[in-house]
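*Asks:* Sequence isn't available, so here's the structure alone:
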RNA sequence: GGCUCCUUCGUCUAGUGGUCUAGGACGUCUGGUUCUCAUCCAGAAAAUCGCGGGUUCGACUCCCGCAGGAGUCACCA
């Protein structure tokens, strides 16, 4: 496969969600893998469903995931315009060919009449095919009249890159509408014209188009066009039930996950591998690896259920991977907007230190908000937390106070406040007090954070700093 | 209803006639890593391969039925 030209052709009716973003990812991977091009085309022929701002939402999603397109809105290209609503002349020129060759006709039949035919068929329990009601002497086309394709029903075969060899009989081929009465083309016609004009070699879309394919095949033939590679993408299923994941099932927009602290790397990785694998046991893929390894013939033929838990696991893996491979700064650069409010007044350097000891506990970046608060603001002292702690409840108040005082004096004697010295001091305290780690460490940890958990004690104290650590311990000692 | 597609652990999947007493990952459970939470490590439970027939020395893998699920039958995409 060389220089594949693929496209992502959404209609601007809202945001891109988990259930439909694969039809952007896979075309992108194929285009990059083959050194071809990916086109973004906005299919806005349905003026009633058009949503203002949806195009921007779509572009934002693609950019976030790192799916750069080579031609499309904003950047333009040699095959524009890339909004179908601006290509009406093109569709009319193409439909004229069909009209002239007798493969299409203007249909004057009023809508009520068509409904009647349809009802008739359903009463007789026979399938409704418009071609059986084809008007005998169609008039010249004039505005306000739809144009229909004149079907050429017969056995048709084709190969779907995912589904394999397919065939369909004449019973599914009909006189479909090419141009609506408002002069706009239907999807069925517009996508064929555009794909041909734009040189698209791979048509990748959801399986819901599989049953319309015989009609598309007939149009390709009538127009003398070469068939592109047809690729049906199985649905992503909702977490519950067996339905395809859609907005009605609460499918979140892809970018909503960005706001929730999911990394683009994790999102892309998870989505690409939902219903696809390269046959090895690898689970973690960079975008580059996906480009290299992706192949159409390993796309699953059945639908895959969306599992947010695994996405979150993968996100945690990616957070650690970025920190470990690219360093604290690289991860820190992704954390803007995820810190607790109180963190704003602290220097970047301090936040990076906090991040460095907490990052391996993050599932999403937004966990930062609750997990790091005590590094930026003194926690509220609640002695009950100490007295009811499972390791500390057997100690008397006097013992607790004594232990705190010893800790304070030991820690304040540290000359150079660093991880190692802190650990040494902590170990000495353990030996001198004869307490178990569970008791001593829990007490100090709670006194200093009042959080349900924290990183290793010496690291926490080190980042908090001498002054803050001792001040908090003193405050708690006084409160007991 | 017609037509089409799909069917391996709870979930994502490996598997293209014998190496499968079915492998990996998420999730779950257990243990370990000086307290906690997480990471990490070790381990466990978890699929009679939708069901029923064939073909074959041998089938998750090939064939035929059936069932279940999904999609589609718009002047929506």
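*Replies:* Perfect, thanks for sending it. Remember, it's a predicted structure, so these values are computed and weren't measured experimentally. Numbering: from 1, shown residues only, chains lettered A, B, ... in the order given.
*Asks:* What number of residues are in the vicinity of residue A:17?
*Replies:* Residues within reach of residue A:17, counting by other Cβ atoms under 10 Å, total 21. For glycine as for every other residue, the C-beta is placed from the backbone atoms N, C-alpha and C.
*Asks:* From residue A:26, how far out is it?
*Replies:* Using Cβ to Cβ, to the nearest Å, residue A:17 is found at 16 Å from residue A:26.
*Asks:* repeat for residue A:249
*Replies:* For residue A:249, the distance to residue A:26 (Cβ to Cβ) stands at 22 Å.
*Asks:* quick one: which of those two has more around it?
*Replies:* Neighbour count, other Cβ under 10 Å: between residue A:249 and residue A:26, residue A:26 has more, with 26 against 16.
*Asks:* Now the more buried one: which helix or strand?
*Replies:* helix A:22-33 (DSSP states H and E).
*Asks:* So is that helix next to RNA strand B?
*Replies:* No. Contact of helix A:22-33 with RNA strand B (Cβ under 7 Å from any atom of the strand) is absent, the minimum separation being 10.3 Å.
*Asks:* Name the residues that touch that helix?
*Replies:* A:1, A:4-8, A:10, A:16, A:36-38, A:61-62, A:65, A:67, A:69-70, A:202, A:204-206, A:231, A:233, A:236, A:268, A:271-272, A:274-276, A:290-292, A:294, A:296, A:299 (Cβ atoms under 8 Å, 6 or more residues apart in numbering).
*Asks:* cool, stretch A:344-355 as well?
*Replies:* Here stretch A:344-355 makes contact (Cβ under 8 Å, 6+ apart) with A:323, A:328-329, A:331-332, A:335, A:339, A:343, A:368, A:372, A:375-376, A:463.
*Asks:* Over to stretch A:272-279?
*Replies:* Contacts with stretch A:272-279, where a contact means Cβ under 8 Å, 6+ apart, come from A:22, A:25-26, A:29, A:233-234, A:236, A:283, A:285, A:290, A:293-295, A:298-300, A:303-304, A:306.
*Asks:* where in chain A is pLDDT low?
*Replies:* For chain A, the stretches with pLDDT under 70 are A:1.
*Asks:* can you list the domains in it?
*Replies:* Domain ranges of chain A: A:1-239, A:327-375, A:383-479, per automatic domain parsing.
*Asks:* Quick one: those as a markdown table, columns for distance to residue A:245 too.
*Replies:* What follows is these, written out as a markdown table (distance: least, Cβ to Cβ, whole Å):
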| stretch | distance to residue A:245 |
| --- | --- |
| domain A:1-239 | 4 |
| domain A:327-375 | 20 |
| domain A:383-479 | 33 |
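*Asks:* between the ones you listed, which one is nearest to residue A:262?
*Replies:* Among these, domain A:327-375 comes nearest to residue A:262, with 5.8 Å by Cβ to Cβ.
*Asks:* What's the end-to-end length of that closest one?
*Replies:* 21 Å (Cα to Cα, to the nearest Å).
*Asks:* Checking that domain against RNA strand B, do any of its residues make contact.
*Replies:* Yes. Applying Cβ under 7 Å from any atom of the strand, one finds domain A:327-375 in contact with RNA strand B at A:360-361.
*Asks:* for stretch A:67-78, same thing?
*Replies:* No. Taking Cβ under 7 Å from any atom of the strand as the criterion, stretch A:67-78 and RNA strand B are apart, separated by no less than 14.9 Å.
*Asks:* Mind giving me the packing neighbours of whichever helix in chain A runs longest?
*Replies:* Determined from DSSP state H, the single longest helix within chain A is helix A:308-326. For helix A:308-326, the elements it packs on are helix A:264-272, helix A:328-332, judged by 3 or more Cβ pairs under 8 Å, 6 or more residues apart in numbering; DSSP states H and E.
*Asks:* how much space between the residue sitting nearest the centre point of chain A and residue A:220?
*Replies:* Centroid-nearest residue in chain A, with Cα atoms, centre = their mean: residue A:254, separated by 3.8 Å. For residue A:254, the distance to residue A:220 equals 32 Å [Cβ to Cβ].
*Asks:* Break down the stretch 151-300 of chain A into its strands, ranges please.
*Replies:* A:156-160, A:164-168, A:177-179, A:202-206, A:229-233, A:236-237 (DSSP state E, counting those that start in this stretch).
*Asks:* now the helices: where do they sit in the stretch 51-200 of chain A?
*Replies:* A:54-65, A:88-100, A:111-124, A:187-198 (DSSP state H, counting those that start in this stretch).
*Asks:* quick one, which of these is packed in tightest?
*Replies:* helix A:187-198 (a mean of 20; mean count of other Cβ atoms under 10 Å).
*Asks:* ends of stretch A:442-462, how far apart?
*Replies:* Using Cα to Cα, the two ends of stretch A:442-462 sit 16 Å apart.
*Asks:* relative to helix A:264-272, how tilted is the helix holding residue A:26?
*Replies:* Going by axes from the mean of the first three to the mean of the last three Cα atoms, to 10 degrees, helix A:22-33 is angled at 100 degrees with respect to helix A:264-272.
*Asks:* do the helix or strand following helix A:22-33 and RNA strand B meet at all?
*Replies:* Using DSSP H and E, the next helix or strand after helix A:22-33 towards the C-terminus is strand A:37-40. No. Strand A:37-40 is not in contact with RNA strand B by Cβ under 7 Å from any atom of the strand; minimum separation 13.1 Å.
*Asks:* And the residue of chain A positioned farthest from its centre, how far from RNA strand B?
*Replies:* Distance from the C-alpha centroid of chain A peaks at residue A:398, with 55.4 Å (Cα atoms, centre = their mean). Relative to RNA strand B, residue A:398 is positioned 21 Å away (Cβ to the nearest atom of the strand, to the nearest Å).
*Asks:* can you list contacts of the one helix or strand that residue maps to?
*Replies:* Using DSSP H and E, residue A:398 sits within helix A:397-412. Applying Cβ under 8 Å, 6+ apart, the contact partners of helix A:397-412 are A:386-387, A:392, A:395, A:422, A:425, A:428-429, A:432-433, A:435, A:439-440, A:443-444, A:447, A:461, A:466, A:469-470, A:473-474, A:476-477, A:480.
*Asks:* which among these end up buried?
*Replies:* With burial judged by 16 or more other Cβ atoms under 10 Å, the buried subset of the contacts of helix A:397-412 is A:386, A:392, A:395, A:422, A:425, A:429, A:433, A:435, A:439-440, A:443-444, A:447, A:461, A:469-470, A:473, A:476-477.
*Asks:* ok, and which of the residues you listed reach RNA strand B?
*Replies:* Near RNA strand B, by the rule Cβ under 7 Å from any atom of the strand, you find none of the buried ones among the contacts of helix A:397-412.
*Asks:* Show me those that map onto strands.
*Replies:* The members of the buried ones among the contacts of helix A:397-412 all map outside strands under DSSP state E.
*Asks:* and the closest residue to the residue nearest to the centre of chain A other than its chain neighbours, what does it touch?
*Replies:* Excluding the flanking residues, the one nearest residue A:254 by Cβ to Cβ, 6 or more residues apart in numbering is residue A:61, at 4.9 Å. By Cβ under 8 Å, 6+ apart, the contact set of residue A:61 is A:15-16, A:21, A:24, A:253-255.
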